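Colleague: Give me the fold of what follows.
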Amino acid sequence: MSTVEQIKSRLSIVDVAQNYIKLQKAGNNYKANCPFHNERTPSFFVSPARESWHCFGCSRGGDMFSFIMEIEGVDFLESLKILADKAGVVIEKIDKKQQNERLRLFSLLEDAVTFYETELRKNQDVITYLKKRGMKGDLAKSFGIGFAPAGWRNLHDFLKGKKYSETEMEKAGMIVKSTKAQAGYYDRFRSRIMFPIFNASGEIVGFSGRIFGKDGVDSGGKYINSPQTVLYDKSKVLYGFNKAKDEIRKKDICVVVEGQMDVVMSHQAGIANAVAVSGTALTTDHLKLIKRLTDKIIMAFDKDEAGARASSKGIDMALADGFDVKIAVVPSGKDPADAVLDNPESWVKAVNEAKNVIEFYMELFNDRKDIERKILPYIAVLPSEMNKAVWVKKISDKLKIKEDSVWDELKKIKPTPKQLGSRTSKLDSETKFSSQKQTRLEFVRNRLLGLVLWKKDTEDKDFKAMLDEFLGIKKDNVDALSDEEKNKLIFEAELFFSEGVSLKSEFLKIKKEIEKEEIKTELESMTGKMKYLESGDDHSGLEKHLDDFNKLTKKLNDIILL
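Modeller: Model (predicted):
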């Protein structure tokens, strides 16, 4: 059995897709909002029976491998590795010359994790520090936490011993070329506690290193992250997302914190749906990643007002994108990690009692200028006019002013494209997809072809004979279709025909509908020809066309009356 066959025998398309998006049962299939384009109504469907997926909005589709290739932006070889890891299948040894660059870099980073984990076990001071921060050993191991020792070329020499080139190490972001002549390369991370950063499918793409001890003082700020590489883009990766995604889907909400320690300690406290932005503000790509699983977010704010004012980056984009945004106020210290160390239950309670972001600010600010400056911009980006009206009334009641005055101020606010985030592209994408409409005749022809392809192996002999006859007539049309196009037609048939209906009668009904539409199309064509003949000097062919037109009209009426 090949590697692909082994993977497909152990994983289903549902297993794979639900790791990335929130699926809802739809008859024998599953549906979801498409992760590949913006939409309000689900048009993405997964078929367990055929182990395939298709989106009727953007026309993408395929099997589990093509899904991984699309959603992770990888080639087939990488999708094979990702799914083999999930299925517990050992890939047949790949010749290193045939490995693509990205797979080599993934392998390099995995070896770097092993090196850092080994170094951590050697350093009792670091272990003692992590224990003082409240971190348990099994949790540290689960997140792959390690230690980069002091020294300029420790990792460099280790990876060189593993037969990686300096070019590969540099491309992975693990070493830096010295600006001094003849100095060569040195390790990017030195004397730092290392947090591996994983992508959504659980592959290591980079690191974040927290300074530890005096030896790390000369190697940068408190935290440094991997640079932008072919594997790592901080605007698209959320720390801990690979571990949190199942809990995000189950709880239908995502807790967004600031740092790696906040995530690790939140998970230790039982908040396993926590993720962190790493060295950047919340971005549109982060929101897209979260929205595959939920449209609800809880953001952690510092306890004081100044912290709340400074921690609001990304909220406007989330609100504009239709997220329900809540605020959890950190009960003690400066961050969730400190709160968990002090009292884990206090952070759990803060998350459970999180308030709607606008409600949070309404309670925080009483001054009219603060409300105008801080709250109205959030209301302005809300996609729902009804929601806007609710908050306008609350502000009116709070400030004891007329609602019209609040509306007047609200209309003055023009959200920027950055604040609107992905909403700025929604209209274009919806226009693009809505323009791909079929004619009525194309629609019913495809509906019938989908039904035939879906039920061509029926055990009803009479029905099968009807379908086989149709397939024989349409053989050239069917042969011209790709597997993806056939899957699309079958998906549509499955979704359209409800359980319990007589598919044989539906088949005959649609055939009749096609005949009607074909006659209508021909009548429209003849009408145009007759108008052309009437406008000219030669009317010799007009009488014949008129006779044919009347015959077709009678035939159409007869079909309608049947």
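Colleague: Report the spatially closest residue to C34, excluding sequence-adjacent ones.
Modeller: Spatial nearest neighbour of C34, chain neighbours left out: F44 (3.9 Å); criterion: Cβ to Cβ, 6 or more residues apart in numbering. For every residue, glycine as well, the C-beta is placed using N, CA and C.
Colleague: got the contact list for that neighbour?
Modeller: Neighbouring residues of F44 by Cβ atoms under 8 Å, 6 or more residues apart in numbering: I21, K31, A32, N33, C34, P35, F36, W53, H54, C55, F56, G57.
Colleague: okay but the third one is in contact with I21, surely?
Modeller: Yes. At 4.6 Å, A32 and I21 qualify as touching, with contact defined as Cβ atoms under 8 Å.
Colleague: lowest-pLDDT helix or strand in this protein?
Modeller: Least confident helix or strand of the chain, by mean pLDDT, DSSP states H and E, is helix 423-434 with a mean of 46.
Colleague: what is the rounded mean pLDDT of stretch 353-361?
Modeller: Averaged over stretch 353-361, pLDDT sits at 91.
Colleague: swap that for stretch 320-340, please
Modeller: Mean predicted confidence for stretch 320-340 is 86.
Colleague: That stretch: end-to-end distance?
Modeller: With Cα to Cα, to the nearest Å as the measure, stretch 320-340 spans 32 Å from end to end.
Colleague: Show me how far that stretch is from its chain's centre.
Modeller: Mean C-alpha position of stretch 320-340 versus that of the full chain (Cα atoms, centre = their mean, to the nearest Å) differs by 23 Å.
Colleague: Just the buried residues of that stretch, please?
Modeller: For stretch 320-340, burial by neighbour count (16 or more other Cβ atoms under 10 Å) applies to 320-323, 325-333, 335-340.
Colleague: how is this structure carved up into domains?
Modeller: 3-87, 101-225, 243-420, 440-561 (automatic domain parsing).
Colleague: So for V237, which of those domains sits nearest?
Modeller: Within those, the stretch nearest V237 is domain 101-225; the backing value is 6.0 Å (Cβ to Cβ).
Colleague: Run the chain-centre distance for the closest one.
Modeller: Distance of domain 101-225 from the chain centroid (Cα atoms, centre = their mean) equals 29 Å.
Colleague: before we move on, back to that, out of the buried residues of stretch 320-340, list just those in strands.
Modeller: Mapping the buried residues of stretch 320-340 onto strands (DSSP state E) picks out V325, K326, I327, A328, V329.
Colleague: Check whether the first one really touches M299, as I assumed.
Modeller: Yep, that's V325 we're talking about. Yes. Using Cβ under 8 Å, V325 makes contact with M299 at a distance of 6.7 Å.
Colleague: sorry, back to before: turn the domains of the chain into JSON lines, including distance to L231.
Modeller: Formatted as JSON lines, the domains of the chain follow (distance: least, Cβ to Cβ, whole Å):
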{"stretch": "domain 3-87", "distance to L231": "10"}
{"stretch": "domain 101-225", "distance to L231": "4"}
{"stretch": "domain 243-420", "distance to L231": "14"}
{"stretch": "domain 440-561", "distance to L231": "29"}
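Colleague: among these, which is nearest K234?
Modeller: Here domain 243-420 is closest among the domains of the chain (Cβ to Cβ), at 5.0 Å.
Colleague: What sits closest to L238 if chain neighbours are left out?
Modeller: Excluding the flanking residues, the one nearest L238 by Cβ to Cβ, 6+ apart is V275, at 4.2 Å.
Colleague: P227 now?
Modeller: G173 (4.8 Å).
Colleague: ok, the one you found - contacts?
Modeller: G173 sits next to R188, G206, F207, S226, P227, T229, Y232 when contact means Cβ under 8 Å, 6+ apart.
Colleague: Would you mind giving me the PyMOL syntax to select the buried ones in these?
Modeller: Those of those that count as buried under 16+ other Cβ under 10 Å are selected in PyMOL with:
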select buried, resi 188+206+207+226+229+232
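Colleague: among the contacts of G173, which two are most distant?
Modeller: Greatest spatial distance among the contacts of G173 (Cβ to Cβ): R188 and Y232, at 12.3 Å.
Colleague: Check which element follows the helix or strand containing V16 along the chain.
Modeller: Per DSSP states H and E, V16 falls inside helix 13-17. Downstream of helix 13-17, the first helix or strand assigned by DSSP H and E is strand 24-26.
Colleague: What lies in contact with that following strand?
Modeller: Y30, K31, A32, P42, F45, L495.
Colleague: I'd like the average pLDDT over that strand.
Modeller: 88.
Colleague: neighbouring strands for it, and are they parallel or not?
Modeller: strand 29-32 (antiparallel) (DSSP bridges).
Colleague: re the thing from before, shared neighbours, R188 and Y232?
Modeller: Counting by Cβ under 8 Å, 6+ apart, the common neighbours of R188 and Y232 are G173, S226.
Colleague: The top helix by length along the chain: how far from the chain's middle?
Modeller: As assigned by DSSP state H, the longest helix anywhere in the chain is helix 503-535. Helix 503-535 sits 43 Å away from the centroid of its parent chain (Cα atoms, centre = their mean).
Colleague: what sits up against whatever helix or strand comes next after that helix?
Modeller: Following helix 503-535 in sequence order, the next helix or strand is helix 542-561 (DSSP H and E). Outside helix 542-561, the residues that touch it by Cβ under 8 Å, 6+ apart are 512, 515-516, 519-520, 522-523, 526-527, 529-530, 533-534.
Colleague: Quick check: buried residues in helix 542-561?
Modeller: Neighbour count says helix 542-561 has H545, F549, L552, L556 buried, by 16+ other Cβ under 10 Å.
Colleague: Which one of those residues is nearest to A87?
Modeller: Taking Cβ to Cβ as the measure, L556 is the one of those closest to A87, at 56.3 Å.
Colleague: Need the pLDDT of that closest one.
Modeller: For L556, pLDDT reads 77.
Colleague: now T439
Modeller: pLDDT at T439 comes out at 77.
Colleague: which residues touch it?
Modeller: Contacts for T439 were tallied using Cβ under 8 Å, 6+ apart; there are none.
Colleague: for G144, what are its contacts?
Modeller: Neighbours of G144 in contact, by Cβ under 8 Å, 6+ apart: V113, E117, F195, P196, I204.
Colleague: Starting from Y223, give me the distance back to the second one.
Modeller: Spelled out, that is E117. Distance from E117 to Y223, counting by Cβ to Cβ, to the nearest Å: 19 Å.
Colleague: same deal with the last one?
Modeller: If you measure I204 against Y223 using Cβ to Cβ, the figure is 18 Å.
Colleague: show me where the stretch 51-200 of the chain has strands.
Modeller: Per DSSP state E, counting those that start in this stretch, the stretch 51-200 of the chain carries strands over the ranges 52-55, 61-62, 146-148, 175-177, 185-187, 192-198.
Colleague: now for those, which one comes closest to A140?
Modeller: The closest of the strands of the stretch 51-200 of the chain to A140 is strand 146-148. By Cβ to Cβ, the value is 8.7 Å.
Colleague: List the buried residues for stretch 190-199?
Modeller: R190, S191, R192, I193, M194, F195, P196, I197, F198, N199.
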